[in-house]
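Chemist: no sequence on hand, only this structure:
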């Protein structure tokens, strides 16, 4: 790898313009073939049912021209930037500067995140968006354990998000069940402990544990599956959970969802306008923004907890076993590592953080329905992890910020939003096929901090 | 308490894949603290025997008994998968190196110490809280790994990705990784493959040092006869899944059946070619 990169750095930047032109011509030809009937000829039913048609050669020419020009631009861009690992034409000084910037970007982001409610106190929209971004940062960090560290491609992560949300919603409404012995058949009765304002704090860990439990349940059948097969089965699992929620009307309310989910309290003090509320306790006028600020810091703390645990785990034997399993499962077995336990632990710990995020989502919205837990969400979180660079905490945070924040930013573009978004994703994948932060930081050092180039690190095959 | 029983006794081992008999009724024993070599032409079933011993295949028949120094015995044919490495403490290397290429040399050696470290980290809970007992255990593990890096001369490159190391270094690192699992029996599948004469000599020294300093019993598959003849205490020769000869290096070298199996040729030619790596 090192030699090929060096070769590319020394070699002149590609063989002239001819191949680019050839490729562009070819693309234009394909476009002509595709669009000739789609755009070139327009047909309609005439007034008496006969076929009327007219040609639109101008538009056709414009489309083919656009493909031709676009192909040249993309090829030039590709040549200018080059794939990851190669030098391309970007001068090394720029790369170094980016590397230096990388060191302070994480602390700067953290400070910024802490200050967001102060800076944007008057703008509820920004606060709301911040909460959303942080929810996805947390989900991304949770999924990163499964996909990035353990190398298990999980397309059904939203299932655990849903389990967490529904666990919280249902238990908060019914109270925490306690089985007790009884005199009559079936000699057991269930008491429900009402949790009042403490509901969120008691049920947050419960939701996480239930999600972790479901992570294990999912883990068992897919232990032997790898790569694409694993992805398909996890995808199916995500759909099963959603369909069960949708159809188990008695319990989950089906498509109507659950409303009136208790809001979180600041350690027992509700954030309501009443006399017991936080505002009254502090003697300040009530404002609905208080709750938003509180929710913002709550999800920030939860996300940072996820981050802290993930970073810690990576330096523990279990984390090293996850990464080793991603690199080479056979070698792991030869070293006496229990692959079953290692995989299940990755699944369940990843699922646990999904469950935490789900409980937060439920308490923030006050209403949940199966609509919120579609495959789209799984795909979005997975895209965040892949774009960020699998295994990189900072990369995932940046990707969540770009994807969720950027998506909102382009709201003005209306229907072109998706188009812009798609183009950005394609360019990013050409520029950095291993994600924003593709390199890997070793978990233990002898001499000093180093990084491992992206092309060395394996993605894992499940 | 120590025992005189051989470290590994394989009896009537057979392994069939469908209609193909890869190993048939093979019996051999590896003595404690010895270097035992398993040689034979390509396709003789050597790696199949290894895969049976290390739990990657379940043998179709026969028994394999491994006895630790303290007399504790394990039936390898009844343990499988990672349990052979974990409980019976059999470590192995692979014919085509299987390091963790994206992890550093040091990390590779740390992964090999997974099971003791996992216990020390209280199955992650103590480690997550940063318990001092775990921190000490980890420092010891790093020191142990460092010791091995010193032995194989890779201390300088401890923090480099294993996949970036030169081929010969990767071979030695894989052996060091297996040794970091503190095995009772070390199984090496063609450790000299792809090494030049110099590196082969270095490998022989390393293996002799392992036997001398740790008393680890070694089971070796090798094509490079210079290595096999130099370091082996006992050699078993396989051909078409059957044992055709065994004995001390010199006796095996002169055995006409062995020469025939390798070449179907006469003495001097055989010796000459075997010298060059069969």
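Modeler: Arrived safely, thanks for sending. All of these numbers come straight from a predicted model, not from anything done at the bench.
Chemist: burial check on residue 22, number of neighbours?
Modeler: Here I'm looking at chain A. With neighbours defined by other Cβ atoms under 10 Å in any protein chain shown, the count for residue A:22 comes to 10. The way it works is simple: take the backbone N, C-alpha and C, and place the C-beta from them, glycine included.
Chemist: the chain in question should be chain B.
Modeler: Using other Cβ under 10 Å, the number of residues around residue B:22 comes to 21.
Chemist: with adjacent residues omitted, what lies nearest to it?
Modeler: Nearest in space to residue B:22, with sequence neighbours left out and distances taken as Cβ to Cβ, 6 or more residues apart in numbering or on different chains, is residue B:48 at 4.4 Å.
Chemist: tell me which other helices or strands whatever helix or strand the one you found lives in touches.
Modeler: Element membership of residue B:48 [criterion: DSSP states H and E] is helix B:46-53. Here helix B:46-53 touches strand B:8-17, strand B:20-30, strand B:35-39, strand B:185-189, strand B:217-221, going by 3 or more Cβ pairs under 8 Å, 6 or more residues apart in numbering or on different chains; DSSP states H and E.
Chemist: is it possible to export those to TSV including mean pLDDT?
Modeler: As requested, the helices and strands packed on helix B:46-53 are exported to TSV (pLDDT from 0 to 100):
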stretch	mean pLDDT
strand B:8-17	90
strand B:20-30	88
strand B:35-39	90
strand B:185-189	92
strand B:217-221	92
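Chemist: quick check: pLDDT value at the closest residue to chain A within the stretch 151-278 of chain B.
Modeler: The nearest approach of the stretch 151-278 of chain B to chain A comes at residue B:158, 3.9 Å away (Cβ to the nearest Cβ). For residue B:158, the pLDDT comes out at 88.
Chemist: that one is in contact with residue B:104, isn't it?
Modeler: Yes. Counting by Cβ atoms under 8 Å, a contact exists between residue B:158 and residue B:104, whose distance comes to 6.6 Å.
Chemist: between the two, which contacts overlap?
Modeler: By the contact definition Cβ atoms under 8 Å, 6 or more residues apart in numbering or on different chains, residue B:158 and residue B:104 are jointly contacted by residue A:445.
Chemist: can you pull the domain assignment for the chain?
Modeler: Chain wasn't specified; assuming chain A. Following the assignment in automatic domain parsing, chain A carries domains at A:2-90, A:127-380.
Chemist: please refer instead to chain B.
Modeler: In the recorded assignment (automatic domain parsing), chain B comprises B:1-89+B:184-278, B:102-182.
Chemist: would you mind listing the buried residues in the strand or helix carrying residue A:173?
Modeler: Using DSSP H and E, residue A:173 sits in helix A:158-174. Judged by neighbour count using 16 or more other Cβ atoms under 10 Å in any protein chain shown, the buried positions of helix A:158-174 are A:158-172.
Chemist: report pLDDT for the most centrally placed residue in chain A.
Modeler: Central residue check for chain A by Cα atoms, centre = their mean: the C-alpha nearest the mean position is that of residue A:381, 2.0 Å away. We note a pLDDT of 91 for residue A:381 in this prediction.
Chemist: repeat for residue B:154
Modeler: Per-residue confidence at residue B:154 stands at 89 (pLDDT).
Chemist: returning to what we had before: contacting residues for the residue nearest to the centre of chain A?
Modeler: For residue A:381, the contacting residues are A:136, A:139-140, A:143, A:157-158, taking Cβ under 8 Å, 6+ apart as the criterion.
Chemist: the same query, at a cut-off of 6 Å, please.
Modeler: Each residue near residue A:381 by Cβ atoms under 6 Å, 6 or more residues apart in numbering or on different chains is listed here: A:139-140, A:143, A:157.
Chemist: now rank those by neighbours and give me the top one.
Modeler: Of all the contacts of residue A:381, residue A:140 has the most neighbours under the rule other Cβ under 10 Å, reaching 34 neighbours.
Chemist: what about that residue, which helix or strand?
Modeler: helix A:124-144.
Chemist: can you list the residues of the stretch 351-462 of chain A near chain B?
Modeler: Along the stretch 351-462 of chain A, the residues adjacent to chain B under the rule Cβ under 6 Å from any Cβ of the partner chain are A:440, A:442, A:444-447, A:450, A:452, A:456-458.
Chemist: 10 Å - rerun?
Modeler: Residues of the stretch 351-462 of chain A lying close to chain B (Cβ under 10 Å from any Cβ of the partner chain) are A:391, A:439-440, A:442-460.
Chemist: so where do the strands sit in the stretch 51-200 of chain A?
Modeler: Chain-ordered strands for the stretch 51-200 of chain A, with DSSP state E, counting those that start in this stretch as the definition, fall at A:51-55, A:176-181, A:188-193.
Chemist: repeat for the stretch 201-350 of chain A
Modeler: A:258-259, A:265-266, A:269-270.
Chemist: which of the ones you listed comes out lowest on mean pLDDT?
Modeler: Summarising mean pLDDT across the strands of the stretch 201-350 of chain A, the least confident stretch is strand A:269-270, with a mean of 76.
Chemist: what packs against it?
Modeler: Under the contact criterion of 3 or more Cβ pairs under 10 Å, 6 or more residues apart in numbering or on different chains; DSSP states H and E, the helices and strands touching strand A:269-270 comprise helix A:278-282.
Chemist: flag every buried residue along the helix it packs on.
Modeler: Counting neighbours by 16+ other Cβ under 10 Å, one finds that the buried residues in helix A:278-282 are A:278-279.
Chemist: which strands and helices sit next to it?
Modeler: Counting by 3+ Cβ pairs under 10 Å, 6+ apart, the packing neighbours recorded for helix A:278-282 are strand A:265-266, strand A:269-270, helix A:289-315.
Chemist: and the last one, how far out from the chain's middle?
Modeler: It refers to helix A:289-315. Between the centre of helix A:289-315 and the centre of its chain there are 15 Å (Cα atoms, centre = their mean, to the nearest Å).
Chemist: and what of the second one?
Modeler: Centroid separation between strand A:269-270 and its chain, computed with Cα atoms, centre = their mean, is 32 Å.
Chemist: what strands flank it, and is each parallel or antiparallel?
Modeler: Paired with strand A:269-270 in the same sheet, following DSSP bridges, are strand A:265-266 (antiparallel).
Chemist: who's in contact with the strand it pairs with?
Modeler: Residues outside strand A:265-266 that contact it (Cβ atoms under 10 Å, 6 or more residues apart in numbering or on different chains): A:196-201, A:271-272, A:276-278, A:281, A:290-291, A:294, A:297-298, A:363.
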